[in-house]
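Asks: sequence first, then the predicted structure, then my questions.
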Amino acid sequence: MTELKQPARVRFAPSPTGHMHLGSARTALYNYLIARQTGGTFILRIEDTDTKRYIPEAEDELIKGIKWLGLDYDEGPGKGGQYGPYRQSERKDIYTKFAEQLVESGHAYYCFCSPEHLAKVREVQQANKESLHYDGTCREIPVEDARKRIAAGERYVIRFKMPKTGSITVHDHLRGDITVENKVLDDSVLVKSDGWALYHLAAMVDDYLMKITHVIRGSEWLPSLPLHMHIIRAFGWPEPTFIHLSVFLKPSGKGKMSKRETADAMKDGHSIFVKDLEELGYVPEGVVNWTALMGWSYDDHTEFFSLQDLVEKFSIDHLNPSPAAINFTKLDYFNALHIRNFSDEDLANRVKPFLEAAGYKTSIDKLIILAPILKERLPTLDDVVDMAGFFFKNDISYPAEDLIAKGLEKTQCRQILTQILEILNGIGDIKKDIAEEPMRELVEKSGFSAGQVFGIMRVAVTGQKVSPPLFESMEVIGKDIVLNRIQQAIKLLD
RNA sequence: GCCCCCAUUGUCUAGCGGCCUAGGACGUGGCCCUCUCAAGGCCAAAACACGGGUUCGAGUCCCGUUGGGGGCACCA
């Protein structure tokens, strides 16, 4: 704890090509945590160099998502910062400059191969069961010749000139040293024929220029770490600490979530997309706690963490490199745990939009009163609609048979209701401490079980077989409406 | 086909050579509490993939096998 830490400059660098999912959320979280923990800087960088896959709404969703999670960034789109711009689409010239520098220093070359040629090469390699790689056609074209062809209008890309021999050792903070033979590495394209840099170049350039100290990203990047390190070393830049996070697997642990499985999860009220999670009634505290623990742990028993706890306790030294299967039931658990932890006011405010979306007219005051009896019963905020909707309706409706308690006849139930009505009518107030005692006496006299009597009463008053505690509920509903509903129930049994 | 990574109960994980007859949590089963549903309490079943080494001693280190995952684009 007394360990001195240098302020980290870290970045979350998503591409705006789709919905923000759990994997991204965790990557963003971990980046945020070490930034805050070290008094460093959390940067948002949009990697939008692929104009073909660009989705205009995606950037907004991304920003909304990380803000919802509570991860505010220090530098990035909409925030500025001295290392901007923070959208790669606004940095094209920078990449071109560095790419040319690589050509100049002999670490890269111009390539004029057509896509058709490349496809054919791949096809042949595939047929021969060889590894797939560029065939090197343009590798040895003298730079002066290449420049002439470019001047003459030929289309070209810039490729990295990967050494043919030797090996490179890279370091991943979770896995240690990884050594690969250069000959299995490819002459990857750095700049496309449309002039846009590819990830491999753009990200390395930006990380350097933005003075990134720790690169925390998904493990799908691990195979290209050797290439990235070659690029970094070709420039002679300092090497950031690389941390490749394991991927999330589908609940069965067999592979990633497919489109189909994602849709099926949604039917169950679960999703891997941040925006869905919000709509489904998950709270950021729960999502953060849950995702933080998929791949990281504090000790052998502590599991409840607020964002602030995580800022204090997170450590990149306790990361787990193995892939983790998503466990939605555990998300439900963490979500419920955090909901229970909310103050009454907080819960009231968070639950209100869900009731309103369901068409109920609500008031914060009433919700604050309700909060204590609701808290324990809400796996998600959305559950408030089923659990507490009856507090906000004028007319409740339910099938008459719900009024007939197990083991009782219709007439017996009707009689009980009549007695309940009498008792409630006779007392001044239906507050719990006033109403409960006479009701218990009724149970005693009737010879039926508390479960039977209160069950009938519950349906009559709430219209539901499942509800928050009866007497507390009646108190909130108010005497007039309670009596009225019981009368309705009696009529229903006629 | 080639390359890389990973490997403790169903799932998330603790474990960094002796504190392990392997700990916690979710889930599951049972009991208690109880006006329903929850919440809470108690209890139970459930794991070191396999085979070789190294060591006085291995879940922990090394090698192999198997299994799983990821990557091999003018995507990120």
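Replies: Good, I have the coordinates. Residues are numbered from 1 along each chain as shown, chains lettered A, B, ... in the order given.
Asks: now A:Val385: which helix or strand?
Replies: helix A:384-388 (DSSP states H and E).
Asks: so which bits of that helix are buried?
Replies: A:384-385, A:387-388 (16 or more other C-beta atoms under 10 Å). Glycine gets a C-beta too; all of them are placed from N, C-alpha and C.
Asks: repeat for stretch A:406-423
Replies: Buried-residue list, stretch A:406-423, by 16+ other C-beta under 10 Å: A:408, A:412-414, A:416-417, A:420-421.
Asks: quick check: mean pLDDT of that stretch?
Replies: Averaging pLDDT along stretch A:406-423 gives 91.
Asks: can stretch A:38-55 be found next to RNA strand B?
Replies: Yes. Against RNA strand B, stretch A:38-55 shows contacts by C-beta under 7 Å from any atom of the strand at A:47, A:49-50, A:52-53.
Asks: farthest pair within those?
Replies: Farthest-apart pair in these is A:Glu47 and A:Lys52; separation 13.7 Å (C-beta to C-beta).
Asks: what residue spans form the domains of chain A?
Replies: Per automatic domain parsing, the domain ranges recorded for chain A read A:91-245, A:394-492.
Asks: mean pLDDT lowest for which of those domains?
Replies: Note on these: domain A:394-492 shows the lowest mean pLDDT, a mean of 91.
Asks: give the closest residue to the closest residue to RNA strand B within the stretch 301-450 of chain A in space, chain neighbours not counted.
Replies: Of all residues in the stretch 301-450 of chain A, A:Ser322 sits closest to RNA strand B, at 2.8 Å by C-beta to the nearest atom of the strand. Once flanking residues are discounted, A:Ser322 sits nearest to A:Ser246: 5.8 Å by C-beta to C-beta, 6 or more residues apart in numbering.
Asks: just to revisit the earlier point, pipe the domains of chain A into a markdown table and attach distance to RNA strand B per row.
Replies: What follows is the domains of chain A, written out as a markdown table (distance: least, C-beta to the nearest atom of the strand, whole Å):
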| stretch | distance to RNA strand B |
| --- | --- |
| domain A:91-245 | 3 |
| domain A:394-492 | 3 |
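Asks: helix or strand: which one has the most far-flung residue of chain A relative to its centre?
Replies: Using C-alpha atoms, centre = their mean, the residue of chain A lying farthest from its centre is A:Lys445. It sits 54.8 Å away. Following DSSP H and E, one finds A:Lys445 within helix A:432-446.
Asks: run through the neighbouring helices and strands of the helix or strand following that helix.
Replies: Where DSSP H and E defines the elements, the next helix or strand beyond helix A:432-446 is helix A:450-462. Here helix A:450-462 touches helix A:410-426, helix A:432-446, helix A:470-477, helix A:479-492, going by 3 or more C-beta pairs under 8 Å, 6 or more residues apart in numbering; DSSP states H and E.
Asks: now helix A:450-462: buried residues?
Replies: For helix A:450-462, using 16+ other C-beta under 10 Å, the buried residues are A:452-462.
Asks: what of stretch A:167-178?
Replies: So for stretch A:167-178, counting by 16+ other C-beta under 10 Å, buried means A:168, A:170, A:172-174, A:178.
Asks: so what touches it?
Replies: A:179-182, A:185, A:222, A:225-226, A:229-230, A:239, A:241-244, A:316, A:319, A:321 (C-beta atoms under 8 Å, 6 or more residues apart in numbering).
Asks: and for stretch A:9-16?
Replies: So stretch A:9-16 is contacted by A:20, A:24, A:27-28, A:31-32, A:34-35, A:40-48, A:50, A:53-56, A:58-59, A:62, A:66, A:71, A:73, A:203, A:206-207, A:210-217 (C-beta under 8 Å, 6+ apart).
Asks: end to end, how far does it reach?
Replies: 22 Å (C-alpha to C-alpha, to the nearest Å).
Asks: what subset of the residues of stretch A:38-55 next to RNA strand B is buried?
Replies: A:47, A:49-50.
Asks: for A:Ile46, list the residues it contacts.
Replies: Contacts of A:Ile46 (C-beta under 8 Å, 6+ apart): A:13-16, A:59, A:62, A:76-77, A:86-89.
Asks: so how many other residues sit close to A:Glu154?
Replies: 12 (other C-beta atoms under 10 Å).
Asks: can you report phi and psi for the nearest residue to it once chain neighbours are set aside?
Replies: In this structure, A:Glu154 finds its nearest non-sequential neighbour in A:Phe112, 5.5 Å apart by C-beta to C-beta, 6+ apart. When read as degrees, to the nearest 10, the backbone of A:Phe112 gives phi -110, psi 10.
Asks: next, the contact list for A:Phe112, please.
Replies: A:138, A:141, A:146, A:149, A:154-156.
Asks: how about a cut-off of 6 Å?
Replies: A:138, A:154, A:156 (C-beta atoms under 6 Å, 6 or more residues apart in numbering).
Asks: so which of those sit within strands?
Replies: Assignment to strands by DSSP state E places none of the contacts of A:Phe112 there.
Asks: between these, which is nearest A:Ala234?
Replies: After measuring the contacts of A:Phe112 against A:Ala234 - C-beta to C-beta - the closest member comes out as A:Cys138, at 18.4 Å.
Asks: distance of the closest one from A:Glu154?
Replies: Separation of A:Cys138 from A:Glu154 (C-beta to C-beta, to the nearest Å): 11 Å.
Asks: do the same with A:Arg147
Replies: Taken as C-beta to C-beta, the span from A:Arg147 to A:Glu154 is 10 Å.
Asks: check the burial of A:Gln464 by counting its neighbours.
Replies: With other C-beta under 10 Å as criterion, A:Gln464 counts 18.
Asks: brilliant, that's me finished.
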